[in-house]
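In: have a look at this prediction, sequence included:
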Amino acid sequence: MTEPTRPVRVHVAASAGTAGPAAAGLPDAVPGGESLSTVPGVGPSLASALARLGIATVRDAWFHFPLRFEDRTRLTPIAQLVAGERAQVEGRIDAVERGFRFRPQLRVAISDESRATLVLRFFQFRKAQVDGLQPGTLLRCYGEVRHGQHGLEMVHPSYKRVDGESALSLDLTPVYPTVDGLTQVRLRRAIGLALARLPADEAIELLPEVLRTRLGFGSLVQAIRTLHAPRTTAESDAIAARTHPAQHRLAFEELLGHRLALILRRKALTHVPGPRIAAPGARRRALLAALPFALTRAQQRVLREIAHDVASGRPMLRLLQGDVGSGKTVVAALAALSAIDAGWQVAVMAPTEVLAEQHLRTLSSWLEPLGVRIVWLAGKVKGKARRLALESAARDADLVVGTNALMQSGVRFRRLGLAVIDEQHRFGVHQRLALAEKGQGEEVAPHQLVMTATPIPRTLAMAAYADLDSSVLDELPPGRTPIATVALSNARRHEVIERIREALAQGRQAYWVCTLIEDSDLLEAQAASRVFEELSAALPGVAVGLVHGRMKAAEKEAAMSAFARAERALLIATTVIEVGVDVPNASLMVIENAERLGLSQLHQLRGRVGRGQQASSCVLLYQPPLGEHARERLALLRETGDGFRIAEKDLELRGPGELLGTRQAGLGAFKVADLVRDAALLPEVAKAGDWLLARAPEAAQALVARWVGDAMRYAQA
């Protein structure tokens, strides 16, 4: 960095790629809503590239902030370079070498007055580029220094030829999020033009003065300018550490905008009446009497909360959280029977066919003996079977179970009164709303029960599910045994296989889960197939099953069913079994490459065992050496089975986008906010949201437009 005594200016930069109030269908009362293409210097080509980045208006550019800053204000002698650091050097080309070993590459050796040499390595280059790199040419280069085969090197540095005197920049250089075809130079220029149009603070301020004073917030315009152009080294260091007050100021506003979007969406949904479902009917009482177990106190409490909601005349919007095995499905079944007894239809939607089919089997076994007409609708249902399913949904079905096929335009319900969405984070808010809209032919909005087996930390729930009331099943059914968890190196694989042999000899069943870091069904299928062959050979006489994502749905179903009927003692599977598989006799699980998975996913997989009366075990098989985070994750799983504690740690380690899935609106895509770092702001965000909706609704809508963009369309859908 430059000396702390010298102020450091920064090339201007910009903002969050969201549509402004005009794009959201709101009055354009806040400046900056004009198209960036109207700004002199932003031609059609640049405007088109910016639009692909989500920057359409001047205001969008204000809120598109740099990822980091590069210090190009000084030169570092090559002899003083340190591997792992980014630096700017200037040196003359000594030699140029093109090679084609394995893949084309270009190596350029430069040296400077410190009598040291640096290699510039390129794997993508053009002939014209090579022609311009002649021995004796003076280059100024910026990049990350690393160890190479022949000393220190930079891979694909940015560089320019220096002809004569060329002054160093006085400014830190921002690096922005961008897209292919839009260079940093063009993007910086466009954002600079937009920032030149920043008005006075009062023209764009949306937080009331009383709120800003109470929270100690300074000027919004100054916060924007600071994050684009820190004036001192201390400021740029604070921004890099994410501790600058300007970041707190904007993080608060961004979290507030996202929360308001969810609350406004809820208000829009509950503006229409919901089905009135009174006291439980005869079939619900019959199911309760037929169940081979008693409901836990937690299940009874949640059913009372649901009963209160569905009797109110307003659409229920309730999130049901329950750790693995806490009994969410029976709660959903009882809620469904109440709706069916009152003359309404119920839709149950799950993210995968495996999970949807599990619900179909369970609900059919409970409800069909009571005369409930159940229809199955998924992507694999084709031809005549699909036509009959659609006709039944529109005519006489009581309960329709399926995947996101339920949301397709051709699906019609006769009288949808309750939508149950399992593992909501696999879908996202917009898909949930699409299913809810299927019931508005009756001029009512169906009740929504959203379920998840991924415990959601309170801070994350406040940000992600502000539109939902929350219920928690915090009690496991009696008889569930704790799962003993151990972590073993893959070098002890033979011991694990021997342990499986002993467990199977006692009449127990086991899972062996194969995972790969690459997101590829094909590679995971190949890995699972190899393990299937390995264990089939190592365990002669053992009936081994195989399930992976590349199998046809019927094949997966057949393999799972054979395992559930104990026709297979060992099931080799990929993470398709994460949810939806319930085999009480399975009491041993091995998770291969466990260090590659997040805590919540490991916890979900582990929950496939321990569902019966037998003591259960989970072996986390890892490939050494373990990194610090991986060691932390595996240690926590050995210590606890508390899903909420595990989820809190997962949020800290991986962030909300990983924990809930990237399709959840707004999560993993914050411009400034960080749910872990900024968790302390959330209670104040909630208070401010209520205050704004009550006293300044136009400002609330403008905040949503600024930070969330087109979410308002869904709030009005």
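Out: Yes, it's here.

In: pLDDT below threshold where in the stretch 501-650 of the chain?
Out: Residue ranges of the stretch 501-650 of the chain with pLDDT under 70: 516-525, 578-581.

In: mind redoing it with 90?
Out: 515-529, 547-561, 564-565, 574-585, 595-605, 607-615, 623-630, 632-633, 640-650 (pLDDT under 90).

In: can you list the residue ranges for strands in it?
Out: 509-513, 544-547, 570-573, 586-592, 616-622 (DSSP state E, counting those that start in this stretch).

In: hey, C-alpha coordinates of the last one in PDB?
Out: As requested, C-alpha coordinates have been extracted for strand 616-622 and formatted as PDB (Å, rounded to 0.1, in the frame of the first residue of the first chain):
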ATOM      1  CA  SER A 616     -26.700 -46.300  15.000                       C
ATOM      2  CA  SER A 617     -23.300 -45.200  13.800                       C
ATOM      3  CA  CYS A 618     -22.000 -42.800  11.100                       C
ATOM      4  CA  VAL A 619     -18.400 -43.000   9.800                       C
ATOM      5  CA  LEU A 620     -17.000 -39.900   8.200                       C
ATOM      6  CA  LEU A 621     -14.400 -41.200   5.800                       C
ATOM      7  CA  TYR A 622     -12.000 -38.400   4.800                       C
END
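
In: quick check, G322 in contact with S470.
Out: No: using CB atoms under 8 Å, G322 is not in contact with S470; the gap is 11.3 Å. C-beta coordinates here come from the backbone N, C-alpha and C atoms, glycine included.

In: contacts for the strand ranked longest in the chain, please.
Out: Secondary structure of the chain read by DSSP state E shows that its longest strand is strand 86-99. Strand 86-99 has contacts (CB atoms under 8 Å, 6 or more residues apart in numbering) with 70-72, 74-78, 81, 104-112, 117-118, 130, 133-145, 162.

In: right, so the strands of the stretch 501-650 of the chain: which one is the most enclosed?
Out: Highest mean neighbour count of the strands of the stretch 501-650 of the chain: strand 570-573, a mean of 27 (counted as mean count of other CB atoms under 10 Å).

In: least confident secondary structure element in this structure?
Out: None of the helices or strands of the chain scores lower by mean pLDDT, DSSP states H and E than strand 9-10, at a mean of 34.

In: could you identify the helix or strand that succeeds it?
Out: Note on strand 9-10: by DSSP states H and E, the next helix or strand toward the C-terminus is helix 44-52.

In: what lies in contact with that following helix?
Out: Taking CB under 8 Å, 6+ apart as the rule, helix 44-52 contacts S35, L36, S37, V42, A56, A61, V179, G181, L182, R186, L187, A190.

In: please list all residues in contact with the second one.
Out: So that's L36. V42, A47, L50, I55, A56, T57, V58, D60, A61, A190, A194.

In: how about a cut-off of 6 Å?
Out: Contacts for L36 (CB atoms under 6 Å, 6 or more residues apart in numbering) come out as V42, A47, L50, V58.

In: from A49, how far out is the first one?
Out: In other words, V42. In this view, V42 and A49 are 10 Å apart by CB to CB, to the nearest Å.

In: swap in D180?
Out: Taken as CB to CB, the span from D180 to A49 is 9 Å.

In: between these two, who's got more neighbours?
Out: A49 (19 against 6; other CB atoms under 10 Å).

In: so what pLDDT did the more buried one get?
Out: Per-residue pLDDT puts A49 at 92.

In: which helices and strands does the lengthiest helix in the chain pack with?
Out: Counting residues, the longest helix in the chain under DSSP state H turns out to be helix 245-269. Under the contact criterion of 3 or more CB pairs under 6 Å, 6 or more residues apart in numbering; DSSP states H and E, helix 245-269 touches helix 220-228, helix 682-695, helix 697-707, helix 711-715.

In: dump the ones you listed to JSON lines, plus distance to K382, mean neighbour count and mean pLDDT.
Out: Formatted as JSON lines, the helices and strands packed on helix 245-269 follow (distance: least, CB to CB, whole Å; neighbours: other CB atoms under 10 Å; pLDDT from 0 to 100):
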{"stretch": "helix 220-228", "distance to K382": "53", "mean neighbour count": "21", "mean pLDDT": "94"}
{"stretch": "helix 682-695", "distance to K382": "46", "mean neighbour count": "17", "mean pLDDT": "91"}
{"stretch": "helix 697-707", "distance to K382": "41", "mean neighbour count": "23", "mean pLDDT": "89"}
{"stretch": "helix 711-715", "distance to K382": "31", "mean neighbour count": "21", "mean pLDDT": "42"}
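
In: and these as TSV, adding distance to L264?
Out: TSV is the format used below for the helices and strands packed on helix 245-269 (distance: least, CB to CB, whole Å):
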stretch	distance to L264
helix 220-228	22
helix 682-695	8
helix 697-707	6
helix 711-715	5
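
In: of all these, which one is nearest A559?
Out: For the helices and strands packed on helix 245-269, the distance to A559 is smallest for helix 711-715, at 39.1 Å, taking CB to CB.

In: thinking again about what came up before, now the angle from the longest helix of the chain to helix 220-228?
Out: Here the directions of helix 245-269 and helix 220-228 differ by 120 degrees (axes from the mean of the first three to the mean of the last three CA atoms, to 10 degrees).

In: in helix 245-269, what counts as buried?
Out: 246-266, 268-269 (16 or more other CB atoms under 10 Å).

In: can you tell me what sits against it?
Out: 217, 223, 226-227, 315, 317, 445, 466-467, 666, 672-673, 678, 681, 685, 688-689, 700, 703-704, 707-708, 711, 715-716.

In: so which of the helices and strands packed on helix 245-269 is nearest N585?
Out: That would be helix 682-695 among the helices and strands packed on helix 245-269, by CB to CB, at 43.5 Å.

In: CA atoms only for the closest one, dumped as CSV, please.
Out: Provided in CSV are the C-alpha atoms of helix 682-695 (Å, rounded to 0.1, in the frame of the first residue of the first chain):
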residue,chain,number,x,y,z
LEU,A,682,-31.0,-7.6,12.1
PRO,A,683,-33.1,-6.7,15.2
GLU,A,684,-32.8,-3.0,14.4
VAL,A,685,-33.6,-3.8,10.7
ALA,A,686,-36.8,-5.5,11.8
LYS,A,687,-37.8,-2.5,14.0
ALA,A,688,-37.0,-0.1,11.2
GLY,A,689,-39.0,-2.1,8.7
ASP,A,690,-42.1,-2.0,10.9
TRP,A,691,-41.6,1.8,11.4
LEU,A,692,-41.2,2.5,7.7
LEU,A,693,-44.3,0.5,6.7
ALA,A,694,-46.4,2.3,9.2
ARG,A,695,-45.1,5.8,8.7
